[in-house]
Each structure stands twice: as C-alpha cells, then as structure tokens.
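Peer 1: Sharing a model prediction with you, sequence too.
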Amino acid sequence: MANQAPQPHPGTAPTSTATPVPATPTPQRTTQPLPALSPDELTAASAATTATVPLNTNTNVAKRPKVTPHPRKRGSQFDDSARGRAHHFAPMDSPTEGVAVNLFNTGNLKEMLINNYERQLAKLRHQNIQLNNTISELRKQIALGNEATFRIERKLGIVTKQVTADISTPAAQPRAAKPKAAQPVPAKKPAWNTVAATPKAAKAGAPPTPTPTRPLAKRDRRIIVRREAYSNPVAEDRLTALRDAVNSAVAAAHKGKNPPKVASVTINRKGNYIMTTLGNTPATEILKFKANLESALRKIDRAVLTLEGDQKWYNLIVHGVRTTRYDDSIEAMVRLRSEIESFNPDVNLITNPRWLHKPEDRVEKTASSVSIIVKSEEMAKRCMQKGLNIDMQKLEVVRFVRNRQDQQCSTCQKFGHHYLRCTAKQPACRLCGASHKTVDHKCDKCNTKGKRCEHLTPYCANCQTAGHTASDNACLYRKTILTPARPAAPKPPVAPTMPVEITNTTPNNASSSSPAPQAPNTTEDATMDEAMEETY
C-alpha cells in the first residue's frame, strides 16, 4: 500500500507526470484581397463559413457547467438569454478571424447597396426618358387634333350657311285643290237692271298679270373667288374661259331644266375673281355646287382657294406679327388664323390673314403687319380696344385705311392719305387756313364753331389764296392733284421731204414753246401694299 501512488481528489483534475511536449508553432495566415462577389455568392459563402468553422474543443479547459437562468420576463431589460447565447458560442477559432469575416461581409453589403442604388437610378432615368417621349407624342397628337377640329368647324360653318340659305329660300306652295262644281240650281230669269250692273268677264285666253319681284342687291348676286396672296391672276382675255367653265360645271351638276348662270367675271385689286350671276339669280344658287366649281376653276388657275358669297366685313391691321414664325404659305396662314381664334375668345375671321407687305419688303424685318377680316363691327371695336393675343404677346390692332388719291385729310387738308395716317406737325383749318383743326374754328362775332358763317373770310391752306376754302372744287391745287395726266396723242406719219439747206435762222412758225406742267399719272385707288407703309 505504501508503494501505491496517492489518488487525486474527486473534485480536482489529475496531474500529469509525463514529459511536456513542445508546442507546434501555428502557421501564419496571409491575407490577400478578396474578389468581388455577387449578393447570391455572398449569402452562400456566409452560410458555408458558419457551418464549417468548428467550435473550441480544447480538452484542457474544463467545461463550463450549465447554469439555469433565473426566470425573468422575456423581452424585458433583464432578459440576457440572447446575449448569453451569443456569449457562450463563438463561431470562429479566434477573435481575429471573426473580425475579418465581419469586415468582409460589411464591405460586400455596402457595395451591393451601391450597385442596387445605381440600378434603381438608371431605371428611373429610363422611365423619365420614356415619359418625356410620351409627352411629346401627346403634344403632337393634340396639335393635329386642333387642326382637324378647325377644319371640321370651318366645313360645318359652310354647311350651316348653305342649310340656312336653303331654309330661308321660300319653297313653292302647293296648288290648292279645285272645289267641286256645285250642282246647277234653276234660277229665275234676271231682270234688265241686274244684267246691266254685272261687269264683263275677262277673256279665257288672257294670261294672269305677273307679280312684280323685288330686284336683288348687287351684293346678293356676287361671288368672291379667293386666290393665293401675291400670285398673278389669269389674263383678261381668259376671264371668258373662267365664266364658261363655271357655267358648264353648274349645268352638269344641276338637275333642272334652267340652271343658274354666271354673267360676268372681273378681277379686283387684291387679285381675286368677282363673279356676278345672270338676271335676278341669288349667289346662293351657284354656291350649292361649290365643290364642282372649285375643281373646274383650278384646272384654269391653280391659285384658286375657295368660293364664298359677298358679305359685309370689317378690315383690321395687326402690327408686330413675327415674320420668322409665319411665311407666305397657306399652312402658315392657317396656323396664324388658328392661333388668333384659339387664344382670343369671340373672334372669328372670315378668311385667312394676309401679309400687308410683299416678301421682298420683309426680308430684313423680324415683325410686320397682317390684314385680318372680321364679321361684325362690335368684334372689330373689341379687337381695337383690347388687342389680340398672338404667340403669348398682346399685339396692337388698328383699323385698315386705304389711301386714295382723291382722299383729303381733315387734319392737314392735303390729298392722298387718311387723317389717321397724317404725319403733319401742325393742323390746318379747312375754312380759314389757320393752324388749328376745323372743329376748333370759332367766329369772333357770332361764336359759330366748326361751321361756315356769314362773317367768314375763306382762305385756302393749300394754294395760299383767299376767296375759297381748302375743299372747294375750284381750287387750282385740287385740280392739279386730282386731274390725271392725259396720254400724248399719236403723231401722224410725216411724209418724206427733200433735203434743205441748214441755216442759223429759225422760221417764226417753228418756235417751240415749253409744255405746260402736268400732274403725275396716278390711279384712283392704291394697292394694299401702298396703302400702309409701316416699318419696324
């Protein structure tokens, strides 16, 4: 028993008497940069690392006894079961390796979030581009729809006018039914006085007296053929061809025996054709075949636009329209008309606008004036008072004034322009020639204002002569201005003569006298381009 070794205490660990074995050095791990992984590869690597890393299996360390946790309310601030579980089990061999794996996971997570953000941003940009393209297409469709609506409304207005004209035309009344003949009743023989008082019956063969019809006004018998601006009409010798083409088209489309006819065709100063019907035929009877007439006229003149009845209208001038946005084409004038009617309520134009000046006169201008035509006087006054909204600008509107050679200005008393276009610095009185307007003239004796009285001493402001007013037809200045120059009479042919000797003397009958001054050759009406000369 003495040779037996002492037994260890049951509660203590046995001591080893063997020779200690030297510790094997742990190889150093070299860290290399990790390759970039996708989110799916990162998730798979994290799961594999957690599953393959062994726990701490050192047998020299005594196992920690299992401690039963004190019963506490789960979820409270004293609940450390999750913290305890995280403390008891370590998934890595060493703390350094765990920190490296956590840093690896954090870096990949940050890169994954950045990539996800960039993909979402690229997607939003793509959607924004698609939305802008859709908006552009919708705007194009809206513009096309507006233009189609304008055309439909125009056609509807034309059809409405035709229907209104047809309704206003009185229809032929049906003939009344003949009353049945009453059965003859035997009558007594009339007395002599009754037979003498009875008037004689009219002869059966005499025609009934026609009821006189009221003649139509010239405006009701005229048809306006609108043409393209600044295009030359056909020659005057071809106007007969236009008339015959119109009458042939009406006869082909008319179903009756006596179709209406056009008697004459003329050209106005704007280059449009004016057709007048034959007899007492209204223009609406010809306009029923408008489509056939337009196609027939375009075979002779391609510049024909449309046909319409002659109606009363009011001409206005709009200043400041952009020349870079609208040219002389029909499409540009249709767009300008749509712009005016769309953004100016209760403004309806009869025809498309027209430039007031020729294209070569607008080359160096950024804005110029256009001529528009409205239907009523109230609409014209409203446009002149408020102006027109065109291309997001408020433009000035004035009344169109055509200058005539025989027109006398009431401000300066000169001829050839309207008082609205007068540039004189001082006015002149028509009665006394003083430097004041005629409406401000006042007699010192009888206080008559703006009129001629018995105390007036007339004085002409044009010829600076007393004895007549500036509007007197006997004024020499008025006669000189308004009398057109007469063309020189053709000279008769001169018979050949024998050569004579040239001398320094001149016969008395060959003395030449200086010709009398003549007035310039002017026309009665100026053209539209000469009427208004505005510069910008």
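Peer 2: Ah, there it is.

Peer 1: mind checking the longest helix of the protein?
Peer 2: Ranked by number of residues, the top helix in the chain under DSSP state H is helix 95-168.

Peer 1: average model confidence for that one?
Peer 2: Helix 95-168 comes out with an average pLDDT of 84.

Peer 1: Which strands or helices does it pack on?
Peer 2: Under the contact definition 3 or more C-beta pairs under 8 Å, 6 or more residues apart in numbering; DSSP states H and E, helix 95-168 sits against helix 39-52, helix 283-287, helix 330-342. For glycine as for every other residue, the C-beta is placed from the backbone atoms N, C-alpha and C.

Peer 1: hey, least reliable of the ones you listed by pLDDT?
Peer 2: When I compare the helices and strands packed on helix 95-168, helix 39-52 is least confident, with a mean of 56.

Peer 1: one step back: what angle sits between the longest helix of the chain and helix 330-342?
Peer 2: Per axes from the mean of the first three to the mean of the last three C-alpha atoms, to 10 degrees, the angle that helix 95-168 makes with helix 330-342 is 90 degrees.

Peer 1: so who does Ser471 touch?
Peer 2: Listed by C-beta atoms under 8 Å, 6 or more residues apart in numbering, the contact set of Ser471 reads Gln408, Gln413, Arg430.

Peer 1: Of those residues - the most surrounded one?
Peer 2: The residue in the contacts of Ser471 with the most neighbours, by other C-beta atoms under 10 Å, is Arg430 (24 neighbours).

Peer 1: okay, it: pLDDT?
Peer 2: So, for Arg430, pLDDT stands at 91.

Peer 1: Assumed it was part of a strand.
Peer 2: No - according to DSSP: H, G, I helix; E, B strand; the rest coil, Arg430 belongs to no strand; its state is coil.

Peer 1: Surely it and Thr438 touch.
Peer 2: Yes - if you go by C-beta atoms under 8 Å, Arg430 and Thr438 touch, sitting 4.5 Å apart.

Peer 1: what about Lys110, how many neighbours?
Peer 2: 10.

Peer 1: Also Leu278?
Peer 2: Neighbour tally, Leu278, other C-beta under 10 Å: 13.

Peer 1: go on, Cys383?
Peer 2: Neighbourhood size, Cys383 [other C-beta under 10 Å]: 22.

Peer 1: Also Ile373?
Peer 2: 16.

Peer 1: ok but it is inside a strand, no?
Peer 2: Yes - per three-state DSSP, Ile373 lies within a strand segment.

Peer 1: Would you mind confirming that it is in contact with Trp313?
Peer 2: Yes - applying C-beta under 8 Å, one finds Ile373 in contact with Trp313, separated by 4.7 Å.

Peer 1: shared neighbours of the two, anything?
Peer 2: What both Ile373 and Trp313 touch, as defined by C-beta under 8 Å, 6+ apart, is the set Ile350.

Peer 1: Give me the below-cutoff pLDDT ranges for the stretch 151-300 of the chain.
Peer 2: Across the stretch 151-300 of the chain, the ranges flagged by pLDDT under 70 are 169-213.

Peer 1: And the helices in it?
Peer 2: In the stretch 151-300 of the chain, the helices defined using DSSP state H, counting those that start in this stretch lie at 192-197, 239-253, 283-287, 290-298.

Peer 1: Determine which of those helices approaches Asp472 most closely.
Peer 2: Comparison of those against Asp472 by C-beta to C-beta identifies helix 239-253 as nearest, at 41.2 Å.

Peer 1: Show me what that closest one is in contact with.
Peer 2: By C-beta under 8 Å, 6+ apart, the surrounding residues in contact with helix 239-253 are 234, 259-267, 273, 275, 286, 289, 292-293, 295-297, 299-301.

Peer 1: What's the PyMOL line that selects buried ones from these?
Peer 2: Those of the contacts of helix 239-253 that count as buried under 16 or more other C-beta atoms under 10 Å are selected in PyMOL with:
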select buried, resi 234+259+260+261+262+265+267+273+275+286+289+292+293+296+297+301
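
Peer 1: on that earlier part again, how big is the angle separating the longest helix of the chain from helix 290-298?
Peer 2: 90 degrees.

Peer 1: coming back round to it: can you put the helices of the stretch 151-300 of the chain in TSV and add distance to Lys161?
Peer 2: Shown next, in TSV, are the helices of the stretch 151-300 of the chain (distance: least, C-beta to C-beta, whole Å):
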stretch	distance to Lys161
helix 192-197	57
helix 239-253	18
helix 283-287	9
helix 290-298	10
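
Peer 1: Need the winner for burial among the ones you listed.
Peer 2: helix 283-287 (a mean of 21; mean count of other C-beta atoms under 10 Å).
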